[in-house]
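# My questions concern the predicted model and sequence given below.
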Amino acid sequence: MAVKTYWWITAWFLITAPVIFWDASYCFMRPRSMKGGDLHWIWRPYAIYQEVDYVYGLPALESNDGFTNAQSFMNIIETILNIAYVYLAHSAQWPGAPVVGFGTALMTLSKTALYWLNEYYCGFCQIGHNDALTLAVYWILPNGLWLVVPSLIVWVLGKDIAQSMAVASGSSKARSKKTN
């Protein structure tokens, strides 16, 4: 049986892969990737972002805050799983592919929710210095996208998984009635 796929889920996983690898490499290469670093030219837009979100900036680096690289490491794992989902769903046609896609989208959603909750519970310690427009444009909108799209993926693939389980459960009940 063919795996049910959605073009927009596949597109999200494929489009976000290079973005995530670029972001994680910025984090792992700090301070060389930061403004003033010899490799900063590769991550020039981060000159703005490292001032908007101190998790990416000097305050986290100077305090030896491990969260930035820990979340980047998790981003790499998520991205590998995203790519695995695309392969398993489209090339291998493996029936378990939706479980992989669901799991990785749930990881992304949970980790992004953690970013937001961390900001709330620390009194907006990493982003509270921004004016409302800067915060909206450079933090809320881009990070909000990482809440909305994974939520939709979790919802859609979760429904598909539940439906497949119901069909399988019905099939096994029908088989057991025939053997009794």
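Done, it's in. Remember, it's a predicted structure, so these values are computed and weren't measured experimentally.
# Could you list which residues are in contact with the spatially most central residue of the chain?
For the chain, residue 108 is the residue whose C-alpha lies nearest the centre (Cα atoms, centre = their mean; 3.3 Å). Residues near residue 108 by Cβ atoms under 8 Å, 6 or more residues apart in numbering: 78, 146, 150. (Each C-beta comes from the backbone N, C-alpha and C, glycine too.)
# Which positions in the helix or strand of the chain with the lowest mean pLDDT come out as buried?
Lowest by mean pLDDT, DSSP states H and E among the helices and strands of the chain is helix 141-179, with a mean of 86. Residues 146, 149, 150, 151, 152, 153, 154, 156, 157, 160, 164 are the ones in helix 141-179 that count as buried (16 or more other Cβ atoms under 10 Å).
# Nearest to residue 28 among these?
Distances from residue 28 to those, taken as Cβ to Cβ, are shortest for residue 146 (19.3 Å).
# sorry, back to before: which SSE is the residue nearest to the centre of the chain in?
Per DSSP states H and E: residue 108 is located in helix 97-121.
# and if you look at residue 2?
Under DSSP H and E, no helix or strand contains residue 2.
# And the pLDDT for the closest residue to it other than its chain neighbours?
The spatially closest residue to residue 2, leaving aside those adjacent along the chain, is residue 93, at 6.0 Å (Cβ to Cβ, 6 or more residues apart in numbering). pLDDT recorded at residue 93 is 95.
# Quick check, residue 93 in contact with residue 3.
Yes - here residue 93 lies in contact with residue 3, judged by Cβ atoms under 8 Å, at a distance of 5.3 Å.
# Looking at these two now, which is surrounded by more residues?
residue 3 (18 against 12; other Cβ atoms under 10 Å).
# Quick one: residues contacting that one.
Contacts of residue 3 (Cβ under 8 Å, 6+ apart): 88, 89, 90, 93, 94, 95, 97, 98.
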